[in-house]
Each structure stands twice: as structure tokens, then as C-alpha cells.
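> just need the structure, nothing else, for what follows:
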Amino acid sequence: MAHRHQSSLEGILDFSNPPVIFSDAASRQHAEALFAALLARLEADGDENLSTNFRPIVMIRVMHQVGLSQLSKDLFLHHFFNSVRVDMAADMASIDIDDARPRLVDFAQFLNNNFFGPLKASAVRTPQPTPASLSVPVLAPDQILPGSRSRIANLRRDCLIRDKHRCVISRSFDENEASRRETTSGESAADDDGVLFVDMPESDTFELLQVAHILPHSLMSIGGDDDQNVARRNALAILEMFDVGVLHLIEGTNIDRSTNAITLTASYHSAFGSFRTFFEAVEGQSHTYRIQSVLPGRVRRPLRPVTRSLFVSETIDPPLPRLLAIHAAICRILYLSGAGEYWDRILREAEDEMAKADGSTSLGVLISLRLGGWWDGIAA
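Numbering: from 1, shown residues only. Okay, the predicted model is just below:
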């Protein structure tokens with residue numbers, strides 16, 4: 001099913017950025033009104049007519065809403081109307097709803113299977129090598145491939161230094177670094193601000209910390225077969241619908257720069273990497289975020305929203321607000337559309353070896369993820 005949707009849309013979606021989408025404000029306003037009216041009309045028919053395991057209309061509506069620029073919103077409308085084969089200048093009365101409905105579903109399935117599913121399957125898997133040290137070979141940036149052990153080791157080192165060896169959410173200090181400092185300095189061991197470990201309050205904990213990519217390094221994986229190259233191309237084209245021009249911030253080895261990474265505990269890394277925890281920028285305060293969870297009740301992480309100012313270094317770049325904003329937008333879409341719950345269920349089935357043998361549910365989707373190089377066959 002995933003391959004059918006992909007092939008049916010590849011001839012429709014032109015992922016090159018059109019030079020001009022709307023010639024004037026009136027054209028844009030008409031398209032936006034038509035977009036809202038079409039979704040409302042289809043929504044009034046009921047979800048049972050859409051035959052999906054998530055809410056495609058919600059996915060499409062929210063994805064337009066969370067575009068980080070007007071150009072991003074315009075680009076999304078361009079691809080949406082091309083996919084449902086409706087002229088953006090048309091009147092609502094002229095649209096064949098029965099014809100538009102399956103095309104809208106195909107468009108949402110394309111987004112889900114080529115972007116949201118791959119990110120859910122791969123995002124939590126940032127490698128965790130030994131921290132970089134003098135034993136790591138010194139190579140020019142263009143000699144180190146994205147995702148390589150040497151590059152990730154350097155990224156981990158830089159993030160720990162920049163973030164003062166603390167989780168940016170819980171503020172827990174890195175257990176390995178604390179042990180090393182106590183071995184070297186005994187009772188004089190202190191954190192990066194000079195506070196002695198022996199003087200720290202009991203609430204100041206020590207945990208094993210990890211480096212977490214904001215956008216997964218698998219987006220820039222090099223090599224692979226034709227299926228994997230097509231998968232990367234589609235995912236990056238969809239990413240442009242969130243923020244036109246963002247690709248240069250993560251292309252090549254930029255994906256493994258400190259601008260695309262933060263330091264987290266293992267549990268927060270899991271929540272962040274699986275798009276359950278997100279950072280919402282606090283207006284008017286540089287590098288300050290309200291950190292929230294999309295999950296309800298006691299399983300939230302953090303349990304209640306917390307506000308944190310990220311650590312700033314004079315020598316190591318901070319996380320880019322644009323990348324954190326895209327991550328937050330993906331969280332909202334996955335949660336509100338039900339696609340996040342759908343992919344969690346798919347991956348749990350894989351973990352429990354419960355995929356049906358007839359391929360009627362998750363088996364075909366899992367094969368598609370595997371062929372695209374997004375999933376290694378191991379559930380997160």
C-alpha cells in the first residue's frame with residue numbers, strides 16, 4: 001500500500017520550489033479560503049469515508065498551520081492542490097468532492113509514509129560512542145561522513161562542554177564525567193560552574209547523558225540503493241514544506257553539528273527522539289524554551305511544562321531555534337492527527353513480533369521503512 005501511494009503521487013508532486021506561487025495577496029487569500037472550505041466539507045462527511053489509521057484532514061490542516069514562514073505555507077498549498085488536482089483559483093461549488101476525497105487521502109498517506117513514519121522509526125537512534133578524546137583522529141570536516149563514529153564522538157564532546165555536562169531539561173550532571181572528576185580531584189571535584197559535588201543538594205542528581213539530534217542524522221545518510229535515495233529525497237522535500245530553505249542548515253555534515261543537537265538523559269532522549277517532548281520558544285527571551293509533552297497524565301515527560309534557558313558557549317554554537325521549531329511542529333502533527341499513536345502501535349507490533357502474516361496491517365509498512373533505510377528491524 002505504501003508503494004502504491006508513493007508511485008501514484010510522484011508524477012503529481014513536483015518538489016522543485018515554484019518561483020512564484022501567488023501573484024498577489026488576493027490570490028493567496030482565495031486559496032487559503034478554498035483550502036479551509038474543502039477540508040471542512042470533507043470533514044463533515046465523517047472519517048469513515050477516508051479509510052485511514054490516522055486523521056488525514058487534521059494532519060493536512062495542522063501542517064499548513066505550523067509552517068514557519070508564509071513561503072512555507074504557500075509551498076504546502078501548492079503541493080496540496082496539485083495533489084488533489086484542484087485549481088487554486090476554482091470555486092468550491094465546482095469541485096468534485098468524490099474525486100478529491102481519495103486524492104486527499106493519498107496526499108496524507110504520502111506525507112505519513114515518507115516523512116512522519118520514517119522520522120518516528122529513526123529519530124531516537126542517535127549513536128552513543130565513547131566521548132571524543134585525544135585518541136579520536138583529527139580529520140578535516142569534509143573527510144568525516146555524517147553519522148560516522150568520529151563525527152558523533154566529536155558532537156557528543158562539544159554538546160557536553162557547551163551544556164556544562166548537564167541534561168538541558170532535568171539539569172542532571174553526567175555520571176561518567178562526575179566519576180572521572182572525583183577520581184582525579186577527590187573531594188575537590190566540582191561541576192562546570194565550580195560548585196563542589198559534596199556541596200550539591202540531594203535534588204541535584206547524576207545520570208548517564210546522551211547526545212540527541214534535533215532532526216535525525218538519517219536524513220542525510222550517504223549511499224544506499226535507489227529506494228533509499230528516493231526515500232531521502234522525498235523526506236527532505238517534505239521538510240521544505242515546514243521551513244523553506246532549512247535544508248542548508250542540515251545538509252551534509254551539518255546534520256552532526258552542535259546546532260542540531262542537545263544533551264539529554266536517556267529517558268528524555270527517548271521522549272524527545274520519539275516526538276513526545278518538544279521545545280517551544282519563549283517570545284522575547286533568547287535561547288529560552290517552554291518544554292512540554294504531548295502525552296497526557298502521569299506518563300508526561302516532563303510531568304508539567306518547565307521553562308529552561310539553554311546553556312550558551314563562546315566557542316560552541318547553540319541549538320538552532322529553527323530546528324527546534326520544526327521538531328515541535330512535527331510533535332503537534334503526530335499527536336493531533338493520531339499518526340504518532342499509529343506509528344507507535346506499528347513499532348510495538350514489530351517489537352512483539354505481532355505483524356500479521358497476511359500483510360494486511362503493519363507488515364507492508366515495515367518493509368517499506370526497511371527498504372527506505374529508516375528502520376533497522378529493531379523497535380526503539
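> poorly predicted segments of this structure, please.
Along the chain, segments meeting pLDDT under 70 span 1-19, 47-49, 123-148, 221-225, 227, 351-380.
> can you pull out the strands in it?
Applying DSSP state E to the chain gives strands spanning 173-174, 206-207, 209-213, 261-265, 277-281, 288-293, 306-309.
> now the last one, how far from the centre of its chain.
When C-alpha coordinates are averaged (Cα atoms, centre = their mean, to the nearest Å), strand 306-309 and its chain have centres 20 Å apart.
> related to what we said a few turns ago, could I get the strands of the chain as JSON lines with mean neighbour count?
C-beta here means a position set from N, CA and C on the backbone, and glycine is covered the same way. Shown next, in JSON lines, are the strands of the chain (neighbours: other Cβ atoms under 10 Å):
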{"stretch": "strand 173-174", "mean neighbour count": "23"}
{"stretch": "strand 206-207", "mean neighbour count": "18"}
{"stretch": "strand 209-213", "mean neighbour count": "26"}
{"stretch": "strand 261-265", "mean neighbour count": "26"}
{"stretch": "strand 277-281", "mean neighbour count": "21"}
{"stretch": "strand 288-293", "mean neighbour count": "18"}
{"stretch": "strand 306-309", "mean neighbour count": "14"}
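> now the ones you listed in JSON lines, with distance to D91?
Compiled in JSON lines, those are given as follows (distance: least, Cβ to Cβ, whole Å):
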{"stretch": "strand 173-174", "distance to D91": "61"}
{"stretch": "strand 206-207", "distance to D91": "59"}
{"stretch": "strand 209-213", "distance to D91": "45"}
{"stretch": "strand 261-265", "distance to D91": "48"}
{"stretch": "strand 277-281", "distance to D91": "38"}
{"stretch": "strand 288-293", "distance to D91": "41"}
{"stretch": "strand 306-309", "distance to D91": "47"}
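> show me the one of the ones you listed that comes nearest P321.
Taking Cβ to Cβ, strand 277-281 is the member of the strands of the chain nearest to P321, at 5.8 Å.
> parallel or antiparallel, which strands does that closest one pair with?
The pairing partners recorded for strand 277-281 under DSSP bridges are strand 288-293 (antiparallel).
> show residues contacting the partner strand.
Contacts to strand 288-293, defined as Cβ atoms under 8 Å, 6 or more residues apart in numbering, come from residues 169, 271, 276-282, 300-302, 305-310, 324.
> how about 6 Å then?
Strand 288-293 is contacted from outside by 169, 276-277, 279-282, 300-301, 305-309, using Cβ atoms under 6 Å, 6 or more residues apart in numbering.
> just the C-alphas of it, formatted as PDB.
Coordinates of each C-alpha in strand 288-293 appear next as PDB, following Å, rounded to 0.1, in the frame of the first residue of the first chain:
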ATOM      1  CA  THR A 288      14.800  30.100  26.300                       C
ATOM      2  CA  TYR A 289      12.100  27.400  25.900                       C
ATOM      3  CA  ARG A 290       9.000  26.100  27.500                       C
ATOM      4  CA  ILE A 291       9.500  22.300  27.400                       C
ATOM      5  CA  GLN A 292       6.300  20.300  27.100                       C
ATOM      6  CA  SER A 293       4.900  16.800  26.400                       C
END
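> so how far is that strand from its chain's centroid?
That offset, for strand 288-293, works out to 16 Å (Cα atoms, centre = their mean).
> kindly report the same for stretch 226-239.
The chain centroid and the centroid of stretch 226-239 are separated by 15 Å under Cα atoms, centre = their mean.
> show me what counts as buried in that stretch.
For stretch 226-239, burial by neighbour count (16 or more other Cβ atoms under 10 Å) applies to 228, 230-232, 234-239.
> and those, which is closest to F76?
I238 (9.4 Å).
> contacts only, for that closest one.
Residues near I238 by Cβ under 6 Å, 6+ apart: F115.
> how near is it to K120?
14 Å (Cβ to Cβ, to the nearest Å).
> nice, that's everything, thank you.
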